[in-house]
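> I would like the atomic coordinates for the input below:
(one chain, ligands or ions: 1)
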Amino acid sequence: MSMRMVLMGPPGAGKGTQALRLAARFGVPTISTGDLFRASAAAGEALGLKAAEYTSKGRLVPDELTDPLVAERLAQPDAAQGFILDGYPRNLAQVDALDEVLAARDTELDVVIEMDVAPEVVLERLLARATAEGRADDVVDVIRERIAIYTRETEPLAEVYVSRGILAQVDGLGEVDEVTDRLVSAVEPFVAD
Ligand code: AMP
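Predicted structure coming up:
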């Protein structure tokens, strides 16, 4: 089975939580660029420290840093049969970069899921997460910037994937299990046996 999937949605939509659940369900790894940047920063690596200059402000990390990181991760053996990308691509240039990486391996995306959640809900959830997890970018001004960037740079990607016939939209509101069920049902028609 091939399962090459992108999970889109505004910050706080629950992508991370759902990506892990889908990964367990379909037996493929989750690749979260946000997690990769945070891990790299925590390890004191140059890449992570550079990225933190942007993540701390809610801005996108430049493509020159982000694209190679993803390309390298996708080249690892566990991603050969599929993956769930959480948080990548986030702009049109990254869409092209991802296409190139996949085309070089004679593969392409199977499905892109967009999780819909209203901006007010997202803000509330992220503020709650700030208390629970202490993430440096979960403060109100930075959250607003991340939502604005999502709307401006990432949301337009949905159109691209609609035109390819691989976009599925899922309501991200509700109990975690309920949303997982919706996602699984949305993904199944796109997954090749
Ligand atoms: P996330 O964990 O997905 O919310 O990502 C946290 C932060 O990492 C974002 O606000 C960005 O600063 C950065 N980041 C994550 N993914 C990307 C990406 N694809 N392109 C650029 N920056 C990213």
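> Report the rounded mean pLDDT for the helix or strand encompassing residue 64.
Assigned by DSSP states H and E, residue 64 belongs to helix 63-74. Helix 63-74 carries an average pLDDT of 97.
> count of residues packed around residue 178?
Neighbour count for residue 178, taken as other Cβ atoms under 10 Å: 11. (Each C-beta comes from the backbone N, C-alpha and C, glycine too.)
> what bits of this structure have low per-residue confidence?
Across the chain, the ranges flagged by pLDDT under 70 are 1, 192-193.
> thinking again about what came up before, got the contact list for the helix holding residue 64?
By Cβ atoms under 8 Å, 6 or more residues apart in numbering, the surrounding residues in contact with helix 63-74 are 31, 33, 36-37, 47, 50-51, 60, 79, 83, 85, 88, 90-91, 93-94, 97-98, 101-102.
> And the helices in this structure, which stretches?
Using DSSP state H, the helices of the chain run over residues 15-26, 33-42, 46-55, 63-74, 92-103, 119-133, 140-149, 157-163, 176-187.
> Could you check how far whichever residue of the chain sits closest to the ligand is from residue 136?
For the chain and the ligand, the shortest gap (Cβ to the nearest ligand atom) falls at residue 34, measuring 1.9 Å. Distance, residue 34 to residue 136, by Cβ to Cβ, to the nearest Å: 12 Å.
> where do the contact lists of these two overlap?
Here residue 34 and residue 136 share the contacting residues residue 55, scored by Cβ under 8 Å, 6+ apart.
> Those two: which is more packed in?
The neighbour comparison of residue 34 against residue 136 (other Cβ under 10 Å) goes to residue 34, with 19 against 12.
> Spatially nearest residue to that one (excluding sequence neighbours)?
Distances taken as Cβ to Cβ, 6 or more residues apart in numbering place residue 87 nearest to residue 34, at 4.9 Å, with adjacent residues excluded.
> shouldn't that neighbour be in contact with residue 33?
Yes - assessed by Cβ atoms under 8 Å, residue 87 is found in contact with residue 33 at 4.6 Å.
> mind checking how far residue 9 is from residue 158?
Counting by Cβ to Cβ - residue 9 and residue 158 are separated by 10 Å.
> same question but for residue 82, I mixed them up
Taking Cβ to Cβ, one finds residue 82 at 21 Å from residue 158.
> Also residue 62?
For residue 62, the distance to residue 158 - Cβ to Cβ - is 23 Å.
> Neighbour count for these two, which is higher?
The neighbour count for residue 62 versus residue 158, taken as other Cβ under 10 Å, is higher for residue 158 (15 against 12).
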